[in-house]
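*Asks:* Just need the structure, nothing else, for what follows:
(2 chains)
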There are 2 protein chains.
Amino acid sequence: VGSLPAYTPGRPGATPPPTALGELTGQLSPGQVLVPPEDLARYETDVLGRRGSAAWVARPRDTAEVRRVVQWAYRHRASFVVQGANTGPVRAGIPDASGHQGVLSTELCRGTLVIDAVDRTVTVSAGIDLATLNEALAEHHLTLPIDLGANPTIGGMVGANTGGARLIRHGDVRRHVLGLEVVLPDEAATVLPLQRGLRKDNRGPDVKQLFVGSSGTLGVVTMAVLSVDLLPRQSAVALVEPVTDSAMVELLTLLEHRHGEQVTAFEMLSRGALEAIARHRTPDVRWPFGSELPPDVILLVELSSSDAAGSIHRDFVDSLTETIEVARQAGHVANAWFGPPQQLWALRHMAINAIMGEGALVAFDLSTTRSALVDLRRQARDLVAHLAPGTRCIDFGHVGDGGLHLVVIWPDAGKAADREVEQRAVHDAVYDLVESLGGTSSAEHGIGPENIDALRRHTPQGLWNLQRACKAMCDPLDLLGSLTFGP
Amino acid sequence: VGSLPAYTPGRPGATPPPTALGELTGQLSPGQVLVPPEDLARYETDVLGRRGSAAWVARPRDTAEVRRVVQWAYRHRASFVVQGANTGPVRAGIPDASGHQGVLSTELCRGTLVIDAVDRTVTVSAGIDLATLNEALAEHHLTLPIDLGANPTIGGMVGANTGGARLIRHGDVRRHVLGLEVVLPDEAATVLPLQRGLRKDNRGPDVKQLFVGSSGTLGVVTMAVLSVDLLPRQSAVALVEPVTDSAMVELLTLLEHRHGEQVTAFEMLSRGALEAIARHRTPDVRWPFGSELPPDVILLVELSSSDAAGSIHRDFVDSLTETIEVARQAGHVANAWFGPPQQLWALRHMAINAIMGEGALVAFDLSTTRSALVDLRRQARDLVAHLAPGTRCIDFGHVGDGGLHLVVIWPDAGKAADREVEQRAVHDAVYDLVESLGGTSSAEHGIGPENIDALRRHTPQGLWNLQRACKAMCDPLDLLGSLTFGP
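*Replies:* Got it, this is the predicted structure:
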């Protein structure tokens, strides 16, 4: 594996000449195409402040306009990335540094939002964001139960196959995708009409699945048909301090065996995450831990149900209280805090922004089996302490589904060159570790220049060959995305 | 679309010569390879009694033996089908009539069944059947909640992406597949090690999804890692007679808004299905309708939960009774019957075998949106009455997820040639109808010679091209399955 070619950042190609850019501008209405020297910074800079360089930005409003941009790009061999709300952390949605790439932003593709309440489905344009969608769904007591700190577009969520904080019960985006409309970057800008919203449909190899979780490298998702769920009618949330790390897993098993599908979240915040939240929290978010040092680890546990005819809210709180007491008596739980669900969730959702303010960092989006998570957590911290002694490790995430967001922070500015060497070493070592524990280096943020090298290093050749073949099949000129699917 | 080449039953090729068959026999232990004149009928005949002709049958026991068979087939250009428990009705698992094809049966691939109770996952060999798996899982209070009348192998279920009677809450097989091991029919018999059991894992295009629902046309699934659920702890079941067909949909909406995720089944049996069940039922299954004519349509409605700490069984029955009374007062429900869940489910599960005993038939595995289902049902019956006046239409199925099993029966033996003409006409017309209503001709039984022509006729060229490319990418010599993916 060591002898395989490494990922080459930046892609071969050339910046489209002014005549080509003029032609692109003519494809759409005024204001929909931006080219330098206009300010493109918003499309070039990602959520962690990393910046690429865009040769052009096109903002089509619908599928027909997307096709015009794609056909233009095909004619001019113009490489580009697809960008939604630009909330992704793996640099899949921003151009690379070469200056050759353009950006196809779907931010104006917001024309369709059609709810079928009987079918419990919604047909939605790729550029509509999650909050807008859920606001519209709420009028029908429906929700797309993908729970995130950010507010991405539906197209971006399909690209990353977003998981989020309620996957343990509601699953990932893939589970909700019943149909897609995709424009392929081929000569005809073929539209794949995969948008039948059927719950059961097995007409041959289900190629729409390839576009879920492939981070915009295979085609431009323009529309999705999503299966949506009933809004919860009752819930109870608690913050729970486990006695030890391994007690986390014991508590999870106990909760599931007592409450089954009502366990809708099992999230972890380490002390480092809590401290960052304490420093960055807004005054409307109550701090439950007084002036003491927050616990080493806190679990946010939620029970909820969309049953409106059964037990009432009070029962859920009682029920959760009782289970936590059972867990305390079994020696798994040290302490617990109850509170209004919204307040406790606000703490959890602040984690990522709070941590991003803490300094130079390397962020990992890991997952493994629930059984191996405690080992991953411990070994990763030991490894980082060894390789980069001056750093702090902050972790948090979706313990209930094996997810772990690990962030390594260099608080001291120090010498940038030294830091870069350390960052590289930490980056490689953590990816190798998660691999050795049977986990993944890309849990729910997709693939991009940030993690493609780890992916390549650990993907067996036979599987990589198929992934490359998928790329060639959908994107024959290799126009889309910042990744090189080399041999 | 009319000018596209039709599906050609039977595949080009030749029967492997005796020397090649001798070589195959040498690859496995005695008794694992069967060739004529041994009796191969069990592997040649499907659940509806249709028969192909097998040149050979190989029964490998594990992945290494599967690879030996596949490599042998590649060397000799020997076409074959993959067969599990041979419960499928679309002829995907039996050889065609040419006599050239072999059968790779996974019935002996039963070596692995490893439950990780903490992770709520199971790693299972492809040849293990659903009942065996669920028996082992039950010891841990776990279940693979795919509810079927048949008892297929796990490999077969992955191939068909089986749905079943509890999809409305638990989803299809795809939702439960966290990992697969697949042997590709290429020169190396490449093993795709896609068997990490991760709930969140997005390392590039997720090619394992291609093997789910592609009916054994792309590779040989040898192992699966499945996410499994907690066993239900409480449930209530009722048979409900809706006032009209459209009241079915109203009742479904009402149920979901009152009970949310607790609605775990919403199944339909038409009078014809009930009559067939009455004729074929075993004495241990109680008949709830007395001596009267059974209702025109019956819905089997189930509420259930794996919550062990909340409401008790009695509450669920009360809760369902109350909702049915609300629905009766709203004018949706004419009558309802309660009873032990097992007894009522037994009626539902007898449907397919009972109906298969009713005469010569054509069976459809349709689905559409829940909103369009009533229209599909009515129009299909009208169409069949018009095209084949002497027939009876029996339908039943998964109304809650848009699924409809429609069976057309020719009770009168009549002239076989006339019947065949009618059958062809009904076959084409129903597939065109479901297409025109935005539905699918392959809901949950997979694709095979039985429905590939409808699939081809209604698949847009751009999508078909991708499906063909997937086939070429995985199966370069076109060895696998009875389908021709022509241009």
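*Asks:* make it CA atoms for all contacts and neighbour counts henceforth
*Replies:* Fine.
*Asks:* so how far does stretch A:49-64 reach from one end to the other?
*Replies:* The first and final residues of stretch A:49-64 sit 32 Å from each other (CA to CA, to the nearest Å).
*Asks:* and the stretch 101-250 of chain A, which residues reach chain B?
*Replies:* Applying CA under 8 Å from any CA of the partner chain, we find that the stretch 101-250 of chain A lies next to chain B at A:118-119, A:160-161, A:163, A:172, A:175, A:190-193, A:196-207, A:209-215, A:230, A:249.
*Asks:* May I have the longest helix along chain A exported as PDB, CA atoms only?
*Replies:* Identified as the longest helix of chain A according to DSSP state H is helix A:416-436. Provided in PDB are the C-alpha atoms of helix A:416-436 (Å, rounded to 0.1, in the frame of the first residue of the first chain):
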ATOM      1  CA  ALA A 416       4.200  27.600  11.500                       C
ATOM      2  CA  ALA A 417       6.600  25.200   9.800                       C
ATOM      3  CA  ASP A 418       7.000  23.100  13.000                       C
ATOM      4  CA  ARG A 419       3.200  23.000  13.400                       C
ATOM      5  CA  GLU A 420       2.700  21.900   9.800                       C
ATOM      6  CA  VAL A 421       5.100  18.900  10.300                       C
ATOM      7  CA  GLU A 422       3.200  18.000  13.500                       C
ATOM      8  CA  GLN A 423      -0.100  18.400  11.800                       C
ATOM      9  CA  ARG A 424       0.900  16.100   9.000                       C
ATOM     10  CA  ALA A 425       2.100  13.500  11.400                       C
ATOM     11  CA  VAL A 426      -1.100  13.600  13.500                       C
ATOM     12  CA  HIS A 427      -3.200  13.500  10.400                       C
ATOM     13  CA  ASP A 428      -1.600  10.400   9.000                       C
ATOM     14  CA  ALA A 429      -1.300   8.600  12.400                       C
ATOM     15  CA  VAL A 430      -4.900   9.100  13.400                       C
ATOM     16  CA  TYR A 431      -6.100   7.900  10.000                       C
ATOM     17  CA  ASP A 432      -3.900   4.800  10.300                       C
ATOM     18  CA  LEU A 433      -5.200   4.200  13.800                       C
ATOM     19  CA  VAL A 434      -8.900   4.400  12.900                       C
ATOM     20  CA  GLU A 435      -8.200   2.000  10.000                       C
ATOM     21  CA  SER A 436      -6.400  -0.500  12.300                       C
END
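*Asks:* Any part of it near chain B?
*Replies:* No - using CA under 8 Å from any CA, helix A:416-436 stays clear of chain B, with a minimum separation of 10.5 Å.
*Asks:* Does the following helix or strand past that helix pack against any helices or strands, and if so which?
*Replies:* Later in the chain than helix A:416-436, the nearest helix or strand by DSSP states H and E is helix A:452-458. Packing partners of helix A:452-458 (3 or more CA pairs under 8 Å, 6 or more residues apart in numbering or on different chains; DSSP states H and E): helix A:416-436.
*Asks:* Check which residues of the helix it packs on are buried.
*Replies:* Using 16 or more other CA atoms under 10 Å in any protein chain shown as the test for burial, helix A:416-436 gives A:419, A:422-423, A:426-427, A:429-435.
*Asks:* tell me what that helix is packed against?
*Replies:* Using 3+ CA pairs under 8 Å, 6+ apart: helix A:416-436 touches strand A:360-367, helix A:373-387, helix A:452-458.
*Asks:* Kindly reformat the ones you listed as TSV containing mean pLDDT, distance to residue B:226 and mean neighbour count.
*Replies:* Formatted as TSV, the helices and strands packed on helix A:416-436 follow (pLDDT from 0 to 100; distance: least, CA to CA, whole Å; neighbours: other CA atoms under 10 Å in any protein chain shown):
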stretch	mean pLDDT	distance to residue B:226	mean neighbour count
strand A:360-367	92	17	23
helix A:373-387	96	18	17
helix A:452-458	87	22	22
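*Asks:* can you tell me which of those comes nearest to residue A:464?
*Replies:* helix A:452-458 (7.7 Å; CA to CA).
*Asks:* Switch the buried residues of helix A:416-436 over to CSV; also include pLDDT.
*Replies:* As requested, the buried residues of helix A:416-436 are exported to CSV (pLDDT from 0 to 100):
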residue, pLDDT
A:419, 88
A:422, 93
A:423, 93
A:426, 96
A:427, 94
A:429, 96
A:430, 96
A:431, 94
A:432, 95
A:433, 96
A:434, 95
A:435, 94
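*Asks:* quick one on the thing from earlier: can you add distance to residue A:23 and give the helices and strands packed on helix A:416-436 back as a markdown table?
*Replies:* A markdown table is the format used below for these (distance: least, CA to CA, whole Å):
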| stretch | distance to residue A:23 |
| --- | --- |
| strand A:360-367 | 40 |
| helix A:373-387 | 51 |
| helix A:452-458 | 33 |
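*Asks:* now chain A, which segments are flagged as low pLDDT?
*Replies:* Within chain A, the segments meeting pLDDT under 70 span A:1-12, A:310-314, A:413-414.
*Asks:* Residue A:160: what's it in contact with?
*Replies:* A:212-215, A:444-447, B:202 (CA atoms under 8 Å, 6 or more residues apart in numbering or on different chains).
*Asks:* Just the closest of the residues you listed to residue B:354, please.
*Replies:* Of these, the one sitting nearest to residue B:354 (CA to CA) turns out to be residue A:212, at 40.5 Å.
*Asks:* what's near enough to touch the closest one?
*Replies:* By CA under 8 Å, 6+ apart, the neighbours of residue A:212 are A:158-161, A:173-174, B:205-206.
*Asks:* redo that, cut-off 7 Å
*Replies:* Each residue near residue A:212 by CA atoms under 7 Å, 6 or more residues apart in numbering or on different chains is listed here: A:158-161, A:174.
*Asks:* And residue A:241, by the same measure?
*Replies:* Residues near residue A:241 by CA under 7 Å, 6+ apart: A:295, A:297-299, A:333-336.
*Asks:* coming back round to it: among the contacts of residue A:160, which one lies nearest to residue A:364?
*Replies:* Nearest to residue A:364, judged by CA to CA, of the contacts of residue A:160 is residue A:445 at 9.5 Å.
*Asks:* what about the closest one, neighbour count?
*Replies:* Residue A:445 has 31 neighbouring residues, counting by other CA atoms under 10 Å in any protein chain shown.
*Asks:* Please report phi then psi for it.
*Replies:* Per-residue torsions, residue A:445: phi -100, psi 0 (degrees, to the nearest 10).
*Asks:* and the gap between it and chain B?
*Replies:* Separation of residue A:445 from chain B (CA to the nearest CA, to the nearest Å): 8 Å.
*Asks:* One more: residue A:57?
*Replies:* Following CA to the nearest CA, the distance that separates residue A:57 from chain B is 25 Å.
*Asks:* Whichever helix or strand that residue is part of pairs with which strands?
*Replies:* Assigning secondary structure by DSSP H and E places residue A:57 in strand A:56-58. Sheet pairing of strand A:56-58 (DSSP bridges) gives strand A:33-34 (antiparallel), strand A:102-105 (parallel).
*Asks:* what's the most buried one of these?
*Replies:* strand A:102-105 (a mean of 27; mean count of other CA atoms under 10 Å in any protein chain shown).
*Asks:* Pull the residues that contact the helix or strand that that one is followed by.
*Replies:* Using DSSP H and E, the helix or strand that follows strand A:102-105 in sequence is strand A:113-116. With contact meaning CA under 7 Å, 6+ apart, strand A:113-116 is reached by A:121-125.
*Asks:* Mind doing that once more with 6 Å?
*Replies:* A:122-124 (CA atoms under 6 Å, 6 or more residues apart in numbering or on different chains).
*Asks:* so which of the contacts of residue A:160 is the most crowded?
*Replies:* Once you tally neighbours by other CA under 10 Å, residue A:215 ends up highest among the contacts of residue A:160, having 36 neighbours.
*Asks:* any idea how far that residue lies from residue B:327?
*Replies:* 46 Å.
*Asks:* If anything else comes up later, I'll come back, but that's it for now.
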